[in-house]
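> the sequence and its predicted three-dimensional model are supplied below.
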Amino acid sequence: MRSPISKLITEIEPSGIRRFFDAASTMGNVISLGVGEPDFDTPWHIREEGIYSLEKGKTFYTANAGLEELKEEISKYLKRRFHLSYDAEQVLVTVGGSEAIDIAFRSMLDPGDEVIIPEPCFVSYLPCVKLAGAVPVRVTLEEKDEFKLTKEKLLSALTEKTKIIVLPFPNNPTGAIMSAEELQIIADIVKERDLFVLSDEIYSELSYAGDHVSIASLPGMAERTVVINGFSKSYAMTGWRLGYAVGPKEVMQQMLKVHQFVIMCAPTMSQYAAIEALQNGDEDVARMRESYDERRRFLVKELREIGIPCFEPMGAFYVFPNISRFGMTSEEFATELLQKEHVAVVPGTAFGACGEGFLRISYAYSIEDLKKALEKISNFVHSIQTTN
């Protein structure tokens, strides 16, 4: 019998993040710092709105692109927070940011088109580009550059086949951000070479160096940029599975077409909750951001005192410490730490080969859990130093 499985999908590796999470879930007493899951509950007034929508029988399909009121609130929010101007018809409500990434690539790419993917980065970009029939071109971000995409690195990767540049900032897993001045350099190249940008801004509210800047807000870039965002990180709404994309009308029309056929619409209950989040959730976001900032500073300081060099992240809720001095691969370090001390972190290689020598540690956990984990990490580092 011939294989029922697509050759393309067999060539795509499973997520390295989930592999360590699944391994940790089979063990007892594990402190898991691996998954990017806020430890906050969704704020009560947001949950209440979702419950109320069910009580009122609002369990129908919405319009494919989402509730009109939600799209209007997203437009207002983007204008208020990030100086982005989009009509409601340029907004597409999706099942998380991941769906938005997938259908953006499928709507914009033809076979053979090349997509610049700065790594380390979120695990979905590369497989989604491949599933769209296009060619991912990896660009290595380096610690010496604060894990930012530089002009030199971008120019060295461009070819006549390049169509899209992925901008994953604030970055998962490094926590790097890019300033308006740094983004302007990228924007100038994009316009000069007639390119497009997919800007994943899911961590836009978690910036610790002033307000986030979207490349789409720069002159001439709105018509060249699809912005991806959502509610999972900012409002602690991971399980509600709600994201959105905004961009040029002609692109959004084609994304809506794909969304219609494969999804229909995002969950109705989640959409009503999201309206409440956007209208009345600013204080919740500020409170959570302040807590993450405290944890960020604490974790970086403690890791350095343990003897683990750590780049200071200025966005998202991850640190990306350098463990290369211990003579172990990222996989070996993370595996032994899990087995010996029951602390789960993610090898840097889960985010691209250039993540070798690094770990991703999430600080979307309480200070108490971080303290316990750091004590165990310190014990582990001491044990391997003694052994060596």
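That came in fine, so what should we check first? Numbering: from 1, shown residues only.
> going forward, measure contacts and count neighbours with C-alpha atoms only.
Fine.
> could you pull out the helices for the stretch 251-388 of the chain?
Using DSSP state H, counting those that start in this stretch, the helices of the stretch 251-388 of the chain run over 268-280, 282-306, 330-341, 367-387.
> next one: the stretch 1-150 of the chain
Using DSSP H, counting those that start in this stretch, the helices found in the stretch 1-150 of the chain span residues 7-10, 16-25, 44-55, 68-82, 96-108, 125-131.
> looking at those helices, which is closest to residue 137?
helix 125-131 (8.8 Å; CA to CA).
> elements contacting the closest one?
helix 7-10, helix 96-108, strand 114-119, strand 135-140 (3 or more CA pairs under 8 Å, 6 or more residues apart in numbering; DSSP states H and E).
> out of these, which one sits most buried?
For these, ranked by mean neighbour count under the definition mean count of other CA atoms under 10 Å, the leader is strand 114-119 at a mean of 26.
> quick one, grab the pLDDT at residue 201.
Residue 201 is assigned 98 on the pLDDT scale.
> again with residue 8
Confidence for residue 8, expressed as pLDDT, is 85.
> how far away is it from residue 131?
Going from residue 8 to residue 131 by CA to CA, to the nearest Å gives 7 Å.
> just residue 249 next, same as before
Residue 249 sits 24 Å away from residue 131, going by CA to CA.
> repeat for residue 375
Applying CA to CA, the value for residue 375 to residue 131 is 42 Å.
> and for residue 230?
23 Å.
> pLDDT weak spots in this protein?
16-25, 27, 386-388 (pLDDT under 70).
> swap in 80 and give it another go.
Applying pLDDT under 80 to the chain flags the ranges 14-28, 34-36, 385-388.
> ok, back up a step: please identify which of the helices and strands packed on helix 125-131 is closest to residue 222.
helix 96-108 (15.1 Å).
> contacting residues around that closest one?
94, 124-125, 128-129, 131-132, 202, 226, 228-232, 241-245, 251, 254-255, 258-259 (CA atoms under 8 Å, 6 or more residues apart in numbering).
> let's see 6 Å
Contacts to helix 96-108, defined as CA atoms under 6 Å, 6 or more residues apart in numbering, come from residues 94, 128, 132, 229-230, 241-243, 245, 254-255.
> again with stretch 199-218
Against stretch 199-218 from outside (CA under 6 Å, 6+ apart): 84, 166-168, 170, 222, 225, 227-230, 234, 289, 314-316.
> same question for stretch 238-245.
Outside stretch 238-245, the residues that touch it by CA under 6 Å, 6+ apart are 91-97, 100, 227-230, 232, 270.
> for stretch 373-380, same thing?
With contact meaning CA under 6 Å, 6+ apart, stretch 373-380 is reached by 306, 341.
> and what of stretch 283-290?
By CA under 6 Å, 6+ apart, the surrounding residues in contact with stretch 283-290 are 206, 234.
> buried ones in it?
Under the neighbour-count criterion of 16 or more other CA atoms under 10 Å, stretch 283-290 has 284-285, 288-289 buried.
> related to what we said a few turns ago, and the contacts of stretch 199-218, which is closest to residue 117?
Proximity of the contacts of stretch 199-218 to residue 117 was ranked by CA to CA; the top entry is residue 166 with 5.4 Å.
> just to be sure, the closest one is in a strand?
Yes: according to DSSP: H, G, I helix; E, B strand; the rest coil, residue 166 belongs to a strand.
> hang on, the earlier thing: just the buried residues of stretch 283-290 now: which is nearest residue 46?
If you rank those by distance to residue 46 using CA to CA, residue 284 comes first, at 10.2 Å.
> let's have the helices of the stretch 1-150 of the chain in CSV, adding distance to residue 155.
As requested, the helices of the stretch 1-150 of the chain are exported to CSV (distance: least, CA to CA, whole Å):
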stretch, distance to residue 155
helix 7-10, 29
helix 16-25, 29
helix 44-55, 44
helix 68-82, 27
helix 96-108, 21
helix 125-131, 20
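> nearest to residue 197, out of these?
Taking CA to CA, helix 96-108 is the member of the helices of the stretch 1-150 of the chain nearest to residue 197, at 10.5 Å.
> how far out from the middle of the chain is stretch 120-130?
Centre-to-centre, stretch 120-130 and its host chain are 11 Å apart (CA atoms, centre = their mean, to the nearest Å).
> one more: stretch 200-212?
11 Å.
> got the buried residues for stretch 210-230?
212-218, 221-222, 224-230.
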